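Asks: let's see this in three dimensions:
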Amino acid sequence: MELQDIRDLNPDNLSELLASWGQPAFRAKQIYSWLWQHRAGSFDDMTNLPIPLRESLKAHFGFLPISLDRLQVSTDGTIKARWKLHDRHRIESVLIPVVEDNRFTACVSCQVGCSLTCAFCATGKMKRIRNLTVGEIVGQVEAVQDLCLEHYGRNLTHIVYMGMGEPLLAYRPVMESIERLTSPAGAGMSPKRITISTAGIAKMIRQLADDGTRTNLALSLHAADDEKRNRMMPINETNNLPSLMDAIKYYYQQTGNRISFEYIAFLGFNDTPADARNLVRLCRMFPVRVNIIEYNPVAGVPYEKSGEERTDAFARIIRDSGVMVTVRRSRGKDIDAACGQLANKE
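Replies: Numbering: from 1, shown residues only. Coordinates of the predicted model:
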């Protein structure tokens, strides 16, 4: 029988469990510290716990493994890792270094596969199998942190939930993993260094606001009108742009957190001056930064990346309208850089 991962218990769960076993309250804090500050990989590592308690924990819980399955290192320093989970499914994480800015970002997955079938995305070609657990999400961050230390001798500075899967459809494990990463009793990372990226689920964006989320929010927009967005992102048919803009405006009013629009520029599809003007209209509803992203092509997908001159002209229209905009050139061009490409292999 497969044991539950001990890392899936939140502090209240852990306290209630230990109280039911007749253990003193401070034991929960000790275990939590071992899990999230010392990164213990077994109960035997928890040397300040009585042996009988360690044996009881072993009988009821385990540490579900996440192991490196394949690693790709780009000439630009980007590192992509494919991980094998305990049930043999595979997921991806990416380390994106910007050494000159001392910025090292972990891009992590939250689901095995994805249910949203976005037309340009390699993960969209995979069916959604399951959500990741809290331990698997945080385990990715810890594993990428190790890669960052190994390759660059530096610690991670940022985390984005922008890998395989839709974070707002894995809401509980995503939010609980953020709690572990930001808690002073956990990794102690600032929530302002964490970004949740969503394809756009209005109801759950409002939920983020009501829950007082302190992280940044990124909307994978990619088109500024419903007709085009419907064609490549089916989720837009039930979460159209007016409903999304209302939800994000509510999120901003409730939290004041930073908002960005992620916008992949596709040749001849969404990179015209008219598209830029439509995007500017959306940006006038609340403070927002636009990140224009160069596309990493995916085999069998009918979209092509926009040329540099077209992308720069598109960005100039937005910038001249007073909107903050950044053009992000493709990273990892010589590896399987597009989200889901490496997990889809073999």
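
Asks: pLDDT weak spots in the stretch 51-200 of the chain?
Replies: Nowhere does the stretch 51-200 of the chain drop to pLDDT under 70.

Asks: what about the helices in it?
Replies: Applying DSSP state H, counting those that start in this stretch to the stretch 51-200 of the chain gives helices spanning 51-60, 134-152, 171-182.

Asks: domain parsing for the chain?
Replies: Split into domains by automatic domain parsing, the chain comes to 4-62, 66-344.

Asks: just say which of those is most tucked in.
Replies: Most buried of the domains of the chain, by mean neighbour count (mean count of other Cβ atoms under 10 Å): domain 66-344, with a mean of 19. Where you see a C-beta, it was placed from the backbone N, CA and C, and this is true even at glycine.

Asks: any idea which of the helices of the stretch 51-200 of the chain gets closest to Ile66?
Replies: Closest of the helices of the stretch 51-200 of the chain to Ile66 is helix 134-152, at 4.3 Å (criterion: Cβ to Cβ).

Asks: how far does the closest one sit from the chain's center?
Replies: Relative to the mean C-alpha coordinate of its chain, helix 134-152 is positioned 13 Å out (Cα atoms, centre = their mean, to the nearest Å).

Asks: now it - C-alpha only, CSV.
Replies: The C-alpha trace of helix 134-152 is given here as CSV (Å, rounded to 0.1, in the frame of the first residue of the first chain):
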residue,chain,number,x,y,z
VAL,A,134,2.4,19.8,-2.3
GLY,A,135,5.6,17.7,-1.8
GLU,A,136,6.1,17.2,-5.6
ILE,A,137,5.7,21.0,-6.3
VAL,A,138,8.1,22.0,-3.5
GLY,A,139,10.3,19.1,-4.4
GLN,A,140,10.8,20.6,-7.9
VAL,A,141,11.8,23.9,-6.3
GLU,A,142,14.3,22.2,-4.1
ALA,A,143,15.7,20.2,-7.0
VAL,A,144,16.0,23.3,-9.2
GLN,A,145,17.7,25.1,-6.3
ASP,A,146,20.3,22.3,-6.2
LEU,A,147,20.8,22.7,-10.0
CYS,A,148,21.3,26.4,-9.5
LEU,A,149,23.9,25.9,-6.8
GLU,A,150,25.6,23.2,-8.8
HIS,A,151,25.8,25.1,-12.1
TYR,A,152,26.0,28.7,-10.9
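
Asks: which other residues reach it?
Replies: With Cβ atoms under 8 Å, 6 or more residues apart in numbering as the test, helix 134-152 has contacts from 5-8, 36, 39, 63-64, 66, 68, 73, 77, 79, 81, 83, 85, 91, 93-95, 97, 99, 104, 106, 108-110, 154-156, 159, 173-174, 176-177, 180-181, 187.

Asks: before we move on, the earlier item: of all the helices of the stretch 51-200 of the chain, which one is nearest Gln254?
Replies: Gln254 sits nearest to helix 171-182 of all those, at 15.6 Å, using Cβ to Cβ.

Asks: send the alpha carbons of the closest one over as PDB?
Replies: Backbone C-alpha positions of helix 171-182 (Å, rounded to 0.1, in the frame of the first residue of the first chain) are rendered in PDB as follows:
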ATOM      1  CA  TYR A 171      -5.500  25.400  -6.500                       C
ATOM      2  CA  ARG A 172      -5.100  23.600  -3.200                       C
ATOM      3  CA  PRO A 173      -1.600  22.100  -3.800                       C
ATOM      4  CA  VAL A 174      -0.400  25.200  -5.500                       C
ATOM      5  CA  MET A 175      -1.500  27.500  -2.600                       C
ATOM      6  CA  GLU A 176      -0.300  25.100   0.100                       C
ATOM      7  CA  SER A 177       3.100  24.800  -1.700                       C
ATOM      8  CA  ILE A 178       3.300  28.600  -1.700                       C
ATOM      9  CA  GLU A 179       2.600  28.700   2.000                       C
ATOM     10  CA  ARG A 180       5.500  26.200   2.600                       C
ATOM     11  CA  LEU A 181       7.800  28.300   0.400                       C
ATOM     12  CA  THR A 182       7.000  31.600   2.000                       C
END
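
Asks: hey, where'd the strands end up in this structure?
Replies: With DSSP state E, the ranges of strands along the chain come out as 4-5, 61-62, 66-73, 79-85, 90-98, 103-108, 111-112, 130-131, 158-161, 194-198, 216-220, 259-265, 289-294, 324-328.

Asks: what helices and strands are in contact with the third one?
Replies: Other elements packing on strand 66-73 under the criterion 3 or more Cβ pairs under 8 Å, 6 or more residues apart in numbering; DSSP states H and E are strand 79-85, helix 134-152.

Asks: if we can go back for a sec, quick one: closest of the helices of the stretch 51-200 of the chain to Pro24.
Replies: Evaluated with Cβ to Cβ, the helices of the stretch 51-200 of the chain place helix 51-60 nearest to Pro24, the distance being 10.3 Å.

Asks: I'd assumed Leu57 was in contact with Leu3.
Replies: No - look at Leu3 against Leu57 with Cβ atoms under 8 Å: they stay out of range, at 9.8 Å.

Asks: residue contacts, Ile201?
Replies: Per Cβ under 8 Å, 6+ apart, neighbours of Ile201: 166, 168-169, 235, 239.

Asks: pretty sure Arg54 sits against Asp44.
Replies: Yes - with contact defined as Cβ under 8 Å, Arg54 reaches Asp44; the gap is 6.6 Å.
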